[in-house]
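1. Please find the sequence and the predicted model below.
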Amino acid sequence: MAKTLIDDLRDMRFGEYVEVKKDFLKEFEHYDEFLKVLSSIAILRCSTPCRVGGDGCLGPCPIKSCVQAKKLDGCWQCDEMDDCKQFKFLDPFSGDIPKENLRKVRKYGLDDWAKYRGKFYRWL
């Protein structure tokens, strides 16, 4: 949606409208900042999740490093998962939801867990 909005604003040359109106609408003085934030939102997508070989959506992932060091396919195979501190950096986004989903992978299997998965972000 953010990418679509950026494209629509560009296509309708909204920046030119802002230049004319910003003397009347002080909020338009922040239009460039708005576009920077919108652009940041547009690129939040995780193009290659760590599970399929990427580096992680938030940068180098301590969870991926741990799984690789233990030679596991994923955390669901680890006996220490429930007490693992590697998930701490996800707390602001997800709380315990990733571990809950991994418990479902453990219970239902990697191919079938997704139909039981919970939300990812706390606020959804």
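-> Great, that's in hand.

2. quick one, domains of this structure?
-> Domain ranges of the chain: 2-42, 52-116, per automatic domain parsing.

3. ends of the first one, how far apart?
-> End-to-end distance of domain 2-42 (Cα to Cα, to the nearest Å): 5 Å.

4. where do the strands sit along this structure?
-> Listed in chain order, the chain contains no strands at all (DSSP state E).

5. quick one, helices of it?
-> Ranges of helices in the chain, per DSSP state H, are 2-11, 14-21, 31-42, 62-69, 91-94, 97-108.

6. deepest of those helices, which one?
-> When you average the neighbours per residue for each of these (mean count of other Cβ atoms under 10 Å), helix 97-108 leads with a mean of 17. C-betas here are computed from N, CA, C, even on glycine.

7. who's in contact with it?
-> Applying Cβ atoms under 8 Å, 6 or more residues apart in numbering, the contact partners of helix 97-108 are 74-77, 81-82, 84, 87, 90, 113, 115-122.

8. Could you give me the ChimeraX syntax to select whichever of these are buried?
-> Command for ChimeraX that selects the buried part of these, burial taken from 16 or more other Cβ atoms under 10 Å:
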select :75,76,81,87,90,113
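
9. mean pLDDT lowest for which of the domains of the chain?
-> Note on those: lowest mean pLDDT is at domain 52-116, with a mean of 87.
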